[in-house]
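>>> Provided below for reference: sequence and predicted model.
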Amino acid sequence: MPAGLGSLGGPRTKSMDDESMQTPSEKIQLMLNDVKTIIERRGSYSIILVGIHGIEKISKQEGLKVPEEIPELRKNAYAIKSCRLVESARSFVEVLGCPYDAKDVLKSAEAYAKIAGSSVPEEIYELRELIAEKWPSAKANE
């Protein structure tokens, strides 16, 4: 890991300076805390999933139980991805005027929301209505 980076790209702490001194359980807890922090800050979906995968991998290699909160953290990552896709779709509509691209992105946003086990964001329906109003041909091509 590059100097100056924590387990998932954050600042290094004094306890992280000598990773060889950490037990697998300590590494897992450190990564778990990083994943939770990234979720709280609505950070990168892919970094969250990389962290979760790392936790699962270390747990498996060391014969440890995977932390119980991993499924919920994964759902949070999918919910964050859904929100990011909605933001992208809004940009396609409002900034770029690309309704077909926005519609495709909204389909993905809806799928991620369902995987996360959350309700489909109302903004998806609002954007679809906006697309239908501004670009009737886009609505016809569904």
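It's in.

>>> rest of the way, CA atoms for contacts and neighbours
OK.

>>> show me where pLDDT drops low in this structure?
Across the chain, residues meeting the criterion (pLDDT under 70) sit at 1-20, 138-142.

>>> can you rerun that using 90?
Judged by pLDDT under 90, the chain has its weakly predicted residues at 1-22, 97-100, 118-121, 134-142.

>>> And the top helix by length along the chain, what does it pack against?
Ranked by residue count, the top helix of the chain under DSSP state H comes out as helix 70-91. On a contact count with 3 or more C-alpha pairs under 8 Å, 6 or more residues apart in numbering; DSSP states H and E, helix 70-91 meets helix 24-40, helix 45-62, helix 99-116, helix 122-134.

>>> for the last one, the distance to its chain's centre please.
In terms of C-alpha atoms, centre = their mean, to the nearest Å, the centre of helix 122-134 is found 24 Å from the chain centre.

>>> residue contacts, the residue most central in space within the chain?
Geometric centre of the chain, nearest residue: Tyr45, 2.3 Å, by C-alpha atoms, centre = their mean. Contact criterion C-alpha atoms under 8 Å, 6 or more residues apart in numbering gives Ala77, Tyr78, Ile80, Lys81 as the residues in contact with Tyr45.

>>> If we use 10 Å, what do you get?
With contact set as C-alpha atoms under 10 Å, 6 or more residues apart in numbering, Tyr45 has these partners: Ile38, Ile39, Arg74, Asn76, Ala77, Tyr78, Ala79, Ile80, Lys81, Ser82, Arg84.
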